[in-house]
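give the three-dimensional model of this entry:
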Amino acid sequence: MAVNELTAANFDSVISGAAKPVLVDFWASWCGPCRLLSPIVEELSDEMASQMDVYKCNVEDNQDLAVRFQVMSIPTLILFKGGKPVHTMIGAVPKAKLAQELRSVL
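Residues are numbered from 1 along each chain as shown. Next up, the predicted model:
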């Protein structure tokens, strides 16, 4: 399953209207660690679909969102619950570590 893109135009409505927690992957096409993490995020999107929704947000195209959520390094993953950011993870990490960290805050 492909992970949907978030933009400044749909960000607030998607995050605030979500029935489940939402994981947002802030990334850029030129970022090597982002390219390493992307397939892991997609796999977890499938495996944890009943627990959370997953979206990607290109920081090059949505710099205002990167500033709003203080994304200083990419990849940055932010988990939102009830429309609010509740957990942030920075950098590429192995799938098992990422899944464990997500499960601990879901």
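
checking residue 85 next. Helix, strand or coil?
Under DSSP: H, G, I helix; E, B strand; the rest coil, residue 85 falls in the strand class.

surely it is in contact with residue 71?
No - assessed by C-beta atoms under 8 Å, residue 85 is found out of contact with residue 71, at 10.8 Å. (Each C-beta comes from the backbone N, C-alpha and C, glycine too.)

neighbour count for the two, which is higher?
residue 71 (21 against 15; other C-beta atoms under 10 Å).

what pLDDT does the model give the nearest residue to that one once chain neighbours are set aside?
With sequence-adjacent residues excluded and distances taken as C-beta to C-beta, 6 or more residues apart in numbering, residue 71 is closest to residue 26, at 4.7 Å. Per-residue pLDDT puts residue 26 at 98.

and the gap between residue 26 and residue 101?
From residue 26 over to residue 101 the distance is 16 Å, taken as C-beta to C-beta, to the nearest Å.

which of these two has more neighbours?
Legend: neighbour count by other C-beta under 10 Å for residue 26 and residue 101, higher for residue 26 (25 against 15).

which residues are in contact with both of residue 85 and residue 71?
Common neighbours of residue 85 and residue 71 are listed as residue 78 (criterion: C-beta atoms under 8 Å, 6 or more residues apart in numbering).
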